[in-house]
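Engineer: Just to be clear, the model below is a prediction. Sequence and coordinates:
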Amino acid sequence: MVEKAPKINGACSPALIRAAESVHPRGMVRPARALLALLLLAAAAARAQEPAGVDDAALRQLNSDYVRAWLACDIARFSALLADDFTGVLADGRVIDKAEFLRLARDNLGAHDLRLHGLVIRPYTDTAIVGALVTYVRGSGAAVRTRYSSLYLRREGRWAIVWTQWTWVAAP
């Protein structure tokens, strides 16, 4: 819809009318829609050329690497898995960045008998959600149940974790 140009001395200025009409060109809607449709089809076609399950397998491997890094306090592996702009939300509600996460991972007090339950991997083009219920026993003997959800982002062909949130889960 074209807005009316303001009146100058009781009449509309022809220059302002032309300017207002050029802001909302009606003739460009169909070509713009067609261009958008072509771009979406091209993106889908490019995506379809990847073998089925590539993302799922890669994300499953990265998640396994994440768990192994946590158990081994492998800071170098964590550093590679986490994006520089990583954000984490701990089960107690604290928000941490990559540096704080690496510090906490270094101070891991030992865990064993770690098990993942109901692993979910949902890739969406260049993002993916990975999560599961985790049970393990701390070095002190305390049983832990937590759920995590991680958001992965593919940048320049490489997956990295940009967000993880952990939530305490009550015993069944």
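Structural biologist: Thanks, I have it.
Engineer: Show me where this structure dips below the pLDDT cut-off.
Structural biologist: 1-53, 109 (pLDDT under 70).
Engineer: can you give me phi and psi for Val169?
Structural biologist: phi -120, psi 130 (degrees, to the nearest 10).
Engineer: give the contact list for it.
Structural biologist: Val169 is in contact with Leu133, Arg145, Thr146, Arg147, counting by Cβ atoms under 8 Å, 6 or more residues apart in numbering. In this view, the C-beta of every residue, glycine as well, is placed from N, C-alpha and C.
Engineer: change it to 6 Å
Structural biologist: Residues near Val169 by Cβ atoms under 6 Å, 6 or more residues apart in numbering: Arg145, Thr146, Arg147.
Engineer: And the helices in this structure, which stretches?
Structural biologist: In the chain, the helices defined using DSSP state H lie at 14-23, 29-48, 54-72, 75-81, 98-106.
Engineer: From the contacts of Val169, which land in strands?
Structural biologist: Arg145, Thr146, Arg147 (DSSP state E).
Engineer: Looking at those, spot the one nearest Thr125.
Structural biologist: Arg147 (24.8 Å; Cβ to Cβ).
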